[in-house]
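Participant: here is a sequence together with a model predicted from it:
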Amino acid sequence: MDCGAFVQEIENEILRSGSNLRLVGNGPGAIVVSVCTGSPADQEYRLEETKELAVSQGIHVFDTVIQRLPQINPKYVLGIGKIREVIIQALQMGADMLVFDRDLTPAQVRAISEITEMKVLDRTQLILDIFAKRAHTRAGKIQVELAQLRYILPRLSQSGTALSRLGGGIGGRGPGETKLETDHRRVRNRISHLERELMALSHHRGQQRSKRTRHAVPVVSIVGYTNAGKSTLLNGLTHGQVSTQDRPFETLDTVSRRLHLRTGDEVILTDTVGFIRDLPNDLLKAFRTTLDELHDADFLLHVVDISAQDFNQQITAVDKILRELKLEDVPQIMVLNKCDRVSPEEAEALCRRRNAIGISANSPQTLGPLRTAIAGSISQKMSFA
C-alpha cells in the first residue's frame, strides 16, 4: 500500500465531508462489519444480531458495513478497497472500534488493528464479554473465565511462537523462561484449576439431582434462543422474580422453581442459558456442566419468539445445539411466545404448522393451555414409568 497516497486520500475525504462529523457520546463508538460469501438474508440476520449484542454491551453502533465476496480476504477479511473506506468512515464518525459479525484469526485481528489503529472485536469476543458481565453465581463466573482462557490460549501461542525458542530445556524454566512461556504456563495452570472447581461443582449438582430423583419430582427445562422470553415464562408460570430485561443472554445461571399444577402434581421448572447460532465452541465446552443438567429433564419447553424475522433459523440453531448435546431424543413441547406481536390468524397458523402452543409470556391468562399440556405430558410419562 502507498501510505502517502492513502493518507492524502483520507485527508481529502475528511475535508469534503467535514460537516458530517459526529460527536461520540458516553461509551465506545463502533462500526459493525459484515462480510460473507453466502446468502444475503442470512447475512442480514447475522448483522442485526451482532448489532443487538453490541448495543446490549453499551456500544454505540454508528453504522454498518456490508460486503459480499467470492472468498474472504485471508489478511483483512474485507477487500483492501473496502477497508480503506471503513477507515475513512470511522474517522468521520469518531468511531474507535470495529466489531465483526464473524470470528477472526489472531493474524487478521493484528493486521486490521495495524492498518486502522482501532480496537477490533470479533463475534466470540463480544459474546464472551457479555457473558463475563452477566454471570453472577460462582459456577457461572468459573465457566465464563474458563471460556475466556480457552479463547486466549491459542492466541498467546500464535502471537510470538518464535520467542519460545529463546529459553526452555532442562534448567531453562523458572526465572529463565520468556514472558510468552510464563503467560502460557499461567493460563494452562489456571485452566486446570478452574476445571477441577467445575468438577467439584458438577459432583455437588449431581447429588442434588439424585435427591430429586429419589423424591420422584419431574423436571421440565426451558430451552430456546437467547431473548426468546424463557425467563419471563418461568416467572409467569411460577410467580418468580427472575430478571427479564429485554437483551441477549440476560440469564446465564440455571434457575429452578417449583411449579404446582392443577392436577395436584408438582414439577421442577428450570431456566437455562439461551442459545445462539454458531455458539462459540469454547463457551459450549465451558458451560457443559450447566447444560448437562438438561439430560435430567423429563421434558423440554422449546420457547420461540415468533415476532423475530428469522425465528425459523433460530429454531434450526437450537435444534442443532440440542443434537450436539445429544438431547434430540428428550421429548419437547414447542411454545410460540410473543403471539401478541403478530396477527391472531398468523399465530394460529404457525401453531398448527409446528404442533405448538401459542402464548404471550407477559400475559398470565394465555398460559392455561401450556399448563394443561405440561400436566398431560407429565401424567403420560408417569403412567409409562
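Facilitator: Alright, I've got the coordinates. In this text, all values refer to a predicted model and were calculated from it rather than measured experimentally.

Participant: and residue 34, what helix or strand is that in?
Facilitator: With secondary structure defined by DSSP states H and E, residue 34 is part of strand 29-36.

Participant: list the buried residues in whatever helix or strand comes next after that strand.
Facilitator: Later in the chain than strand 29-36, the nearest helix or strand by DSSP H and E is helix 40-56. Counting neighbours by 16 or more other CB atoms under 10 Å, one finds that the buried residues in helix 40-56 are 43, 45, 46, 47, 48, 49, 50, 51, 53, 54, 56. In short, each C-beta sits where N, CA and C put it, glycine included.

Participant: go on, stretch 273-280?
Facilitator: Taking 16+ other CB under 10 Å as the criterion, stretch 273-280 shows 273, 274, 275, 276, 277, 279, 280 as buried.

Participant: circling back to that earlier point, ok, the strand holding residue 34: who's next to it in the sheet?
Facilitator: strand 60-68 (parallel), strand 97-100 (parallel) (DSSP bridges).

Participant: need the ones you listed in TSV (columns: mean neighbour count and distance to residue 265).
Facilitator: Shown next, in TSV, are the strands paired with strand 29-36 (neighbours: other CB atoms under 10 Å; distance: least, CB to CB, whole Å):
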stretch	mean neighbour count	distance to residue 265
strand 60-68	17	47
strand 97-100	24	47
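
Participant: so residue 267 sits in a strand?
Facilitator: Yes: the assignment for residue 267 (DSSP: H, G, I helix; E, B strand; the rest coil) places it in a strand.

Participant: shouldn't it be in contact with residue 238?
Facilitator: No: Residue 267 is beyond contact range of residue 238, at 10.0 Å (criterion: CB atoms under 8 Å).

Participant: between the two, who's got more neighbours?
Facilitator: residue 267 (22 against 18; other CB atoms under 10 Å).

Participant: so who does the more buried one touch?
Facilitator: 217, 218, 219, 220, 258, 259, 261, 298, 374, 378 (CB atoms under 8 Å, 6 or more residues apart in numbering).

Participant: next step: those residues restricted to helices.
Facilitator: 374, 378 (DSSP state H).

Participant: farthest pair in the contacts of residue 267?
Facilitator: 258 and 298 (14.6 Å; CB to CB).

Participant: who's more crowded, the two?
Facilitator: residue 298 (18 against 11).

Participant: look up the closest residue to the more buried one, ignoring the ones flanking it.
Facilitator: residue 218 (4.7 Å; CB to CB, 6 or more residues apart in numbering).

Participant: so the one you found makes contact with residue 378?
Facilitator: Yes: between residue 218 and residue 378 there is a contact under CB under 8 Å: 5.1 Å.

Participant: mind giving me the domain split of the chain?
Facilitator: 3-121, 216-384 (automatic domain parsing).

Participant: least confident of those, on average?
Facilitator: With a mean of 84, domain 3-121 has the lowest mean pLDDT of the domains of the chain.

Participant: ends of it, how far apart?
Facilitator: Domain 3-121 has an end-to-end distance of 25 Å (CA to CA, to the nearest Å).

Participant: about what we covered before: quick one: buried ones out of the contacts of residue 267?
Facilitator: Applying 16+ other CB under 10 Å to these flags 218, 219, 220, 259, 261, 298, 374, 378 as buried.

Participant: can you show me the strands along the stretch 151-300 of the chain?
Facilitator: For the stretch 151-300 of the chain, the strands defined by DSSP state E, counting those that start in this stretch cover 219-224, 255-260, 266-271, 299-305.

Participant: in its sheet, which strands sit next to the third one, and in what direction?
Facilitator: Translated: strand 266-271. strand 219-224 (parallel), strand 255-260 (antiparallel).

Participant: and if you look at the longest one?
Facilitator: Looking at strand 299-305 with DSSP bridges, its paired strands and their directions are strand 219-224 (parallel), strand 332-337 (parallel).

Participant: JSON lines please, covering the strands of the stretch 151-300 of the chain and showing distance to residue 27.
Facilitator: Formatted as JSON lines, these follow (distance: least, CB to CB, whole Å):
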{"stretch": "strand 219-224", "distance to residue 27": "29"}
{"stretch": "strand 255-260", "distance to residue 27": "29"}
{"stretch": "strand 266-271", "distance to residue 27": "29"}
{"stretch": "strand 299-305", "distance to residue 27": "27"}
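
Participant: nearest approach to residue 6 belongs to which of these?
Facilitator: Of the strands of the stretch 151-300 of the chain, nearest to residue 6 by CB to CB is strand 299-305, at 44.6 Å.
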